[in-house]
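[1] Here is a sequence with its predicted model. Questions after.
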Amino acid sequence: MTASRPAVYPEADLPSAVTVYEVGPRDGLQAESEVVPTHRKIHFIRELRAAGLGIVEATSFVSPRWVPQLADARDVLCGLDELDRHPVLVPNHRGLELAIDAGATSIAVFVSATQEFARRNLNATRELALQRATEVVEEAVARSMRVRGYVSMCFGDPWEGRVDVTAVAEVSRALVDAGCAQVSLGDTIGVGTAGHVTSLVRAHERVGVGIDRLALHFHDTYGQALANVYAGLRAGITCFDSSAGGIGGCPFAGSATGNLATEDLLWMLEGLGIETGVDLDAVVRAGRSMTDLLGRPSSRVGTALGSVAS
């Protein structure tokens, strides 16, 4: 018989509490080909907030030509309250202007740790893309906005292969210097392993970016996401990105499959006795509602708990 909750066995030297940073409505949905109606997106976000998720990334002010799913960014944001809890991704100055006009108070920028992904995704060299992003960060900070930085391809690149951990840390350092309150390190194609996570965190500490400024963002392409979370916990990281229902991937990296599912992450954290303030059952319901709409399977934990409920 499947348990409805994990047995709790706390471990020494792990954080007592962590932040689960929900990215499903933006990073999850952007990779889905079936366009979700605006009112369903807003309902999804509200469900996730009601489940206790303090931060739910809402959308992205990116060109609809590149990401048709997020063409309704303004309408989604205007349908929400407490906008400081609903960051939006902006790709450039124009995106920042649109976000501000829609009422955004918290944004995120993204850069690449590798040259080839920057060229293919951002149409620029890594250095130019980083320069443009830092300019957006500085402008947003001057407007008293909170800014998060995303670094893609931190663990591997489908075109360049292995990525030097020091090179990644230097990109993060530039974002922090520009004013980013936090930098999320993305395993965009899901090739990272536990030891790699530890090495990458330590590389950041060597360049002066402390663990309090870092978040980790894993994809489960090779089934390593939860093992990598555990390595991050052992390294002292206290913020992890995840997507309800495990929806999403990366529309600009063909080998990238789904994000780490919020439900799977919560199950693991609960079993370790780590506080999140999030209602697992409520997240399961929200995730299953969206995956049902998309016509795809839910997360492993969502599926297992669904079978218990039935």
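    Happy to help now that I have it. Residues are numbered from 1 along each chain as shown.
[2] what distance separates stretch 293-310 from the centre of its chain?
    Averaged C-alpha coordinates place stretch 293-310 at 21 Å from its chain's average position (C-alpha atoms, centre = their mean, to the nearest Å).
[3] ok, now how distant is the residue most central in space within the chain from residue 19?
    Nearest to the geometric centre of the chain sits residue 241, at 4.0 Å (C-alpha atoms, centre = their mean). Distance, residue 241 to residue 19, using C-beta to C-beta, to the nearest Å: 10 Å. No exception for glycine: its C-beta is placed from N, CA and C like everyone else's.
[4] Quick check: what element follows whichever strand or helix holds residue 168 along the chain?
    Per DSSP states H and E: residue 168 is located in helix 165-178. As assigned by DSSP H and E, the chain's next helix or strand after helix 165-178 is strand 182-187.
[5] ok, residues contacting that next one?
    21, 108, 148-156, 168, 172, 175-176, 200, 209, 213-219, 225, 228, 239, 241 (C-beta atoms under 8 Å, 6 or more residues apart in numbering).
[6] any idea how far the helix or strand harbouring residue 284 is from the chain center?
    Assigned by DSSP H and E, residue 284 falls within helix 280-294. Relative to its parent chain, helix 280-294 has a centroid offset of 18 Å by C-alpha atoms, centre = their mean.
[7] can you check stretch 163-182 too?
    17 Å.
[8] Flag every buried residue along it.
    163, 165, 168-176, 178-180, 182 (16 or more other C-beta atoms under 10 Å).
[9] avg pLDDT for the helix or strand following the helix holding residue 284?
    Beyond helix 280-294 on the C-terminal side, the first helix or strand identified by DSSP H and E is helix 300-309. In this model, helix 300-309 has a mean pLDDT of 80.
[10] Just list whatever residues bridge to the residue lying closest to residue 172 once chain neighbours are set aside.
    Nearest-residue entry for residue 172: residue 183, 4.5 Å, with adjacent residues in sequence omitted and distances by C-beta to C-beta, 6 or more residues apart in numbering. Beta-bridge partners recorded for residue 183 (DSSP bridges): residue 149, residue 214.
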